[in-house]
Every structure is written in structure tokens, then in C-alpha cells.
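Visitor: Here's a sequence, model it:
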Amino acid sequence: MRRLKTLKEVLEDFLREQGLTIDDILDAMDEDPKGILVSLTMRVNISEEEALKILKLYTSRQLNLAIFAIQVFYLSNPSGYYKGYLIYPTPDMVRGPDGLITKEGLTLILKSLGLKPGYA
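Guide: The predicted structure is shown next:
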């Protein structure tokens, strides 16, 4: 039997353990759309055109939260485990063969974090 925790649960636990809040992280991140575009395309296997569409749908804070979660829980932690729990969505659901997050994977990550287009 696999033990699973959602990405949102894992993120909340990680931040609590580090003595940080989501606002602490987001306040330190780049809110410039060009910077977010670069960060997104470095981590997610999408075209610049697709990234621009995503930038129009989500706020900079939402995308920065997703970028942070991608970096910490999927790119820097290829195992997909956090404290013995498999993170859902799992790495094989969100990462492509090139090691980057797929477009579909980004959608799963955004949903798992509870992020919806147009909402801060």
C-alpha cells in the first residue's frame, strides 16, 4: 500500500518545518512577467507562446508558487518522496522523459495546489 500526500499538504508541511509562510517565499520571488516566463520555460516543457497564455490565466503569485513547488518537490527531489510519503501528483505523472515538467503535468500541479485561473 502506497502512502500518498498531496503536493499542497507537502508544501504546507515543508514551509511550517522551515518556519516560513507562502508569503515569505512569494515576496522573495520575481513578479516581473518576463522573469516568470523564463522560470516557467526553464522548468516546464512548453513553448514561449504556451507560457504566455498561462501568464494571462494565472497571477504572478500563483505561478511563482507553482514554480517553487516544481523546483523543490519535482526537480530537486527526483524520487517524489517527502518524509516517506509519495507526493501526489507523482513525478511520473508530471515529468517528461527530458526531466522537465510536461504541460499536462503543470496542469496537475496547479490543480493539486488548489490554484485556479484568475484567483489570487
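Visitor: rest of the way, CA atoms for contacts and neighbours
Guide: Will do.
Visitor: All the helices of the protein, residue numbers only.
Guide: All helices of the chain, identified by DSSP state H, fall at 7-18, 22-28, 33-43, 48-57, 60-70, 91-94, 103-112.
Visitor: most packed of the ones you listed?
Guide: Neighbour counts (mean count of other C-alpha atoms under 10 Å) averaged over each of the helices of the chain peak at helix 60-70, with a mean of 21.
Visitor: counting contacts, what elements does that helix pack onto?
Guide: Helix 60-70 sits against helix 22-28, helix 33-43, helix 103-112, with contacts defined as 3 or more C-alpha pairs under 8 Å, 6 or more residues apart in numbering; DSSP states H and E.
Visitor: Serialize these to JSON lines and add fields for mean pLDDT and distance to A51.
Guide: Output for those, formatted as JSON lines (pLDDT from 0 to 100; distance: least, C-alpha to C-alpha, whole Å):
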{"stretch": "helix 22-28", "mean pLDDT": "90", "distance to A51": "19"}
{"stretch": "helix 33-43", "mean pLDDT": "94", "distance to A51": "6"}
{"stretch": "helix 103-112", "mean pLDDT": "97", "distance to A51": "10"}
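Visitor: Determine which of those approaches S76 most closely.
Guide: Among those, the nearest to S76 by C-alpha to C-alpha is helix 33-43 (11.2 Å).
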